[in-house]
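# How does the following fold in three dimensions:
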Amino acid sequence: MLFHSLMTCVNNAEDTTLLVPEHTDIDIDIEFNHVKSWALNNHLTLNLTKAKEIVFKRPRVRCFHLPPAIDNIGQLDSKKLLGVLLQSNFKMDIHVLSILSQ
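Numbers count the residues shown, from 1 in each chain. Here you go, the predicted model:
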């Protein structure tokens with residue numbers, strides 16, 4: 001199981017999250033182009049310097065090849081979404097440590 005999560009910041013709007021499962025008829029590059037077209041058509045500017053991608057993968061997977069970055073967008077191992085620190089390996093230790101340190 002592999003999911004891409006692409007975080008893009010839209011001008012004067014909240015963050016947008018694009019989730020694309022591994023096994024789908026939709027290519028993530030095509031879906032990201034749809035988001036960019038929608039923003040352009042609605043007179044919004046995507047700030048691609050703030051855009052980040054996180055690729056979720058099963059823990060203990062034997063063979064995993066990280067897909068190439070989309071449009072040179074940086075790839076992260078963890079990202080905060082709705083107050084929860086998500087990790088690419090589905091573990092919660094970073095989130096728990098963050099909560100405990102508060």
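# so who does the residue lying closest to residue 98 once chain neighbours are set aside touch?
Once flanking residues are discounted, residue 98 sits nearest to residue 85: 5.7 Å by C-beta to C-beta, 6 or more residues apart in numbering. All C-beta spots, glycine's among them, are computed from the backbone N, C-alpha and C. Contact analysis of residue 85 by C-beta atoms under 8 Å, 6 or more residues apart in numbering lists 78-79, 92, 94-95, 98.
# list the helices and strands the longest strand belonging to the chain packs on?
Longest strand in the chain, counting residues (DSSP state E): strand 46-57. Applying 3 or more C-beta pairs under 8 Å, 6 or more residues apart in numbering; DSSP states H and E, we find strand 46-57 packed against strand 2-10, helix 28-41, strand 74-76, strand 78-81.
# Can I get the strand or helix carrying residue 99 in PDB, CA atoms only?
Taking DSSP states H and E as the criterion, residue 99 maps to helix 93-101. Only the C-alpha atoms of helix 93-101 are listed here, as PDB (Å, rounded to 0.1, in the frame of the first residue of the first chain):
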ATOM      1  CA  ASP A  93       6.100   8.100  17.800                       C
ATOM      2  CA  ILE A  94       6.900  11.700  16.600                       C
ATOM      3  CA  HIS A  95       3.400  12.800  17.200                       C
ATOM      4  CA  VAL A  96       3.300  11.200  20.700                       C
ATOM      5  CA  LEU A  97       6.600  12.800  21.600                       C
ATOM      6  CA  SER A  98       5.400  16.100  20.400                       C
ATOM      7  CA  ILE A  99       2.200  15.900  22.600                       C
ATOM      8  CA  LEU A 100       4.200  14.700  25.600                       C
ATOM      9  CA  SER A 101       6.700  17.600  25.300                       C
END
